[in-house]
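Participant: below: sequence and its predicted model.
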Amino acid sequence: MSRDGNHTRVHSLQFDSLSENDTQRLGLALGRAASPETVVALCGEMGSGKTRFVRAVVEGLEGSPTDVSSPTFVLLQQYSARLLVHHVDAYRLTSETDFLDLGPEEWLTGPGVVLIEWADRISNCLPEDHLDVSITSTGETSRRFALTATGPKSRGLLDQLPGS
């Protein structure tokens, strides 16, 4: 979180996606704006579109969206793009220790981009500065995205997105 004296400010954005094209537009913008050490913590119920959003982010990073699949059974996948993408799915992890056993120290602070699905399961392991993205289904193809920056780097990223 950015700090002003004794005050803590949280920067957030709500984005209402009325279609998959809107979701695509938001993901592309996030990918284009991403820089080294970008960490995105994705939360949302099963079927809310987390992996679909990751595909758009990867495409915005000049990677191939067809390479992206849900890493639920693999836990961690990597994709080549403008920046190396680490795609994690914490759904099947039973504890934060399971996550730490994956060796996240290297990629959470490395020159790539980290996209973590079901990040609420490992929230204590996230770096202080990351972008929280909560996805709520509001219809068959519509979604509400609540994005919250937790530090100066993620705030800069958030400021480059549609609706900010």
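Facilitator: The structure has been received and is ready for your questions.
Participant: okay, and the beta partners of the most centrally placed residue in the chain?
Facilitator: Geometric centre of the chain, nearest residue: Val40, 2.7 Å, by C-alpha atoms, centre = their mean. Counting by DSSP bridges, Val40 is bridged to Leu115, Leu131.
Participant: and it, what does it touch?
Facilitator: 30, 57, 113-116, 130-131, 133 (C-beta atoms under 8 Å, 6 or more residues apart in numbering). Backbone N, C-alpha and C define where each C-beta goes, glycine included.
Participant: let me know the closest of the residues you listed to His86.
Facilitator: Val114 (4.7 Å; C-beta to C-beta).
Participant: what about the closest one, how many residues nearby?
Facilitator: Other residues within reach of Val114, judged by other C-beta atoms under 10 Å, total 25.
Participant: and it, what does it touch?
Facilitator: For Val114, the contact set (C-beta under 8 Å, 6+ apart) comprises 38-40, 85-86, 88, 104, 107-108.
Participant: Asp159: which of the residues you listed is nearest?
Facilitator: Nearest member of those to Asp159, counting by C-beta to C-beta, is Thr38, at 13.5 Å.
Participant: list phi and psi for the closest one.
Facilitator: Main-chain dihedrals, Thr38, degrees, to the nearest 10: phi -80, psi 130.
Participant: the residue nearest to it when sequence neighbours are not counted and Ala90, how far apart?
Facilitator: Leaving aside its chain neighbours, Thr38 sits nearest to Val113 (4.6 Å; criterion: C-beta to C-beta, 6 or more residues apart in numbering). In this structure, Val113 and Ala90 are 17 Å apart, going by C-beta to C-beta, to the nearest Å.
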